[in-house]
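Q: My questions are about this predicted structure, shown below with the sequence.
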Amino acid sequence: MIGPLTILIAYILGSIPFGYLIVHWQKKGVDVRSTGSGSIGATNVMRSLGIMGFVATFILDAGKGLLAVLLASKMTSANSTWVAAAAFAAVFGHCFPVWLKFRGGKGVATGVGVFIALAPWQVVLVLAIFAVTVAISRYVSLGSIVATAAFPVLVHLMKHPPIQVVLGAGGAAVIIIARHHANIVRLLRGTENRLGEKKAVGRGQ
């Protein structure tokens with residue numbers, strides 16, 4: 001029963017809507033989902049609260065992903081299957097939180113926390129890929145998508161972990177990329193906001 005319990009714990013941790021709570025508290029009842037891109041993630045919080053709102057939300061969202069995987073590892077004696085399942089569940093919880101009628105964020109920050117727990121050195125390379133992609137394209141969304149897709153590949157090629165871990169990382173990556181579906185459409189159409197441009201309602205990260 002411990003294994004399934006770690007999945008439930010990971011989902012609950014992942015579903016804590018820190019971005020929503022921070023904006024709701026700072027802006028006296030404002031729902032962050034009614035502003036910007038409609039996401040509860042750090043980038044959209046920044047549009048309401050500035051850089052400090054971004055930093056606080058990113059750290060908390062990444063922290064819950066990291067904690068979910070570390071708890072699963074501790075509780076199951078590092079069983080690869082349950083650790084991988086917890087990684088997936090934490091990201092799923094952030095994207096589809098039960099507390100907000102399953103309308104959450106895109107999972108990038110929570111994914112970073114999960115990925116750090118699974119393979120920290122590969123995360124360093126992923127962050128470098130993100131930075132280079134954004135620097136060249138000036139699309140934050142493209143950087144997020146490319147870096148997320150690269151992570152499970154790097155884990156497989158460089159770490160050679162149990163296949164469950166690769167699948168867990170891959171599953172989390174698929175959710176994050178799928179949550180960027182609107183960004184992908186705008187990228188293909190050439191209408192996505194570039195870094196530094198004024199964000200229109202419903203657009204961007």
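A: Arrived safely, thanks for sending.
Q: just the strands in the chain please.
A: With DSSP state E as the definition, the chain shows no strands.
Q: got any ranges where it has weak pLDDT?
A: Within the chain, the ranges that satisfy pLDDT under 70 run 196-205.
Q: For the lengthiest helix in it, buried residues please.
A: Identified as the longest helix of the chain according to DSSP state H is helix 51-75. Of the residues in helix 51-75, 53-54, 56-58, 60-69, 71-73, 75 count as buried by neighbour count, 16 or more other C-beta atoms under 10 Å. C-beta coordinates here come from the backbone N, C-alpha and C atoms, glycine included.
Q: For stretch 33-42, measure first residue to last.
A: Stretch 33-42 has an end-to-end distance of 12 Å (C-alpha to C-alpha, to the nearest Å).
Q: Show me which positions of it end up buried.
A: Under the neighbour-count criterion of 16+ other C-beta under 10 Å, stretch 33-42 has 33, 35-42 buried.
Q: Where helices are concerned, which of those residues count?
A: Going by DSSP H, the helices hold residue 42 from these.
Q: closest to residue 11 among the buried residues of stretch 33-42?
A: Using C-beta to C-beta, residue 40 comes nearest to residue 11 of those, at 15.8 Å.
Q: Test my guess that the closest one contacts residue 16.
A: No - the criterion here is C-beta atoms under 8 Å, and residue 40 misses it with residue 16 at 10.2 Å.
Q: and for the two, which residues touch both?
A: residue 97 (C-beta atoms under 8 Å, 6 or more residues apart in numbering).
Q: Let me see the contact set for the closest residue to residue 26 other than its chain neighbours.
A: Nearest non-adjacent residue to residue 26, counting by C-beta to C-beta, 6 or more residues apart in numbering: residue 49, 5.8 Å away. Shown in contact with residue 49 (C-beta under 8 Å, 6+ apart): 22-23, 26-27.
Q: Inside helices: which ones of those?
A: Judged by DSSP H, the subset of the contacts of residue 49 located in helices is 22-23, 26.
Q: Highest neighbour count among the residues you listed?
A: Of all the ones in helices among the contacts of residue 49, the highest neighbour tally under other C-beta atoms under 10 Å goes to residue 23, namely 26 neighbours.
Q: residues of stretch 124-137 that come out buried?
A: Neighbour-count burial for stretch 124-137 [16+ other C-beta under 10 Å]: 126, 129-130, 133-134, 137.
Q: And stretch 7-27, by the same measure?
A: 7, 9-20, 22-23.
Q: quick one: the residue nearest to residue 117 when sequence neighbours are not counted and residue 11, what's the gap?
A: Nearest non-adjacent residue to residue 117, counting by C-beta to C-beta, 6+ apart: residue 69, 3.5 Å away. Taking C-beta to C-beta, to the nearest Å as the criterion, residue 69 is separated from residue 11 by 12 Å.
Q: where do the contact lists of the two overlap?
A: With C-beta under 8 Å, 6+ apart, residue 69 and residue 11 have common neighbours residue 90.
Q: Can you give me the buried ones in stretch 178-196?
A: 179-180, 182-183, 186-187, 192-193.
Q: And the ones in helices among the contacts of residue 49, which is closest to residue 102?
A: Using C-beta to C-beta, residue 23 is the member of the ones in helices among the contacts of residue 49 that sits closest to residue 102, with 18.8 Å.
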